[in-house]
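> Fold the following.
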Amino acid sequence: MTESYEQKIERLKQIIEKIEDGNTSLDESIRLYEQGAALVKQCETLLSEAEVKITTLSRDT
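As a prediction, the model looks like this:
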């Protein structure tokens, strides 16, 4: 099942909290950072797709 934008943002918030809690090793922080960066890219893609849809719908009315 594909995660929604909101679910991705929630995961991103959890990753940020974990990195900032001070109890995460450097290796784990790097792994989490990589996951977060991938989530940001996915969210940006979803927002771009939504913008295109809205623009298209606005032109059709």
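
> For the helix or strand hosting I30, name the packing helices and strands.
Following DSSP states H and E, one finds I30 within helix 26-60. If contacts are counted by 3 or more CB pairs under 8 Å, 6 or more residues apart in numbering; DSSP states H and E, helix 26-60 sits against helix 5-20. In this view, the C-beta of every residue, glycine as well, is placed from N, C-alpha and C.

> Now do the buried residues in the helix holding I30.
32, 36, 39, 42-43, 46 (16 or more other CB atoms under 10 Å).

> Skip the chain neighbours and tell me the closest residue to R11.
L39 (6.0 Å; CB to CB, 6 or more residues apart in numbering).

> what's the distance between that neighbour and K53?
21 Å (CB to CB, to the nearest Å).

> what's the answer for E10, then?
23 Å.

> go on, K8?
18 Å.

> And for C43?
From C43 to K53 the distance is 16 Å (CB to CB).

> Tell me, how many residues neighbour I16?
Counted with other CB atoms under 10 Å, residues neighbouring I16 total 13.

> per-residue confidence at it?
We have a pLDDT of 97 for I16.

> How about it, nearest residue that isn't a chain neighbour?
Using CB to CB, 6+ apart, the closest residue to I16 is G36 (6.9 Å).

> how much space between the one you found and T45?
15 Å.

> likewise S58?
For S58, the distance to T45 - CB to CB - is 20 Å.

> Alright, calling it a day.
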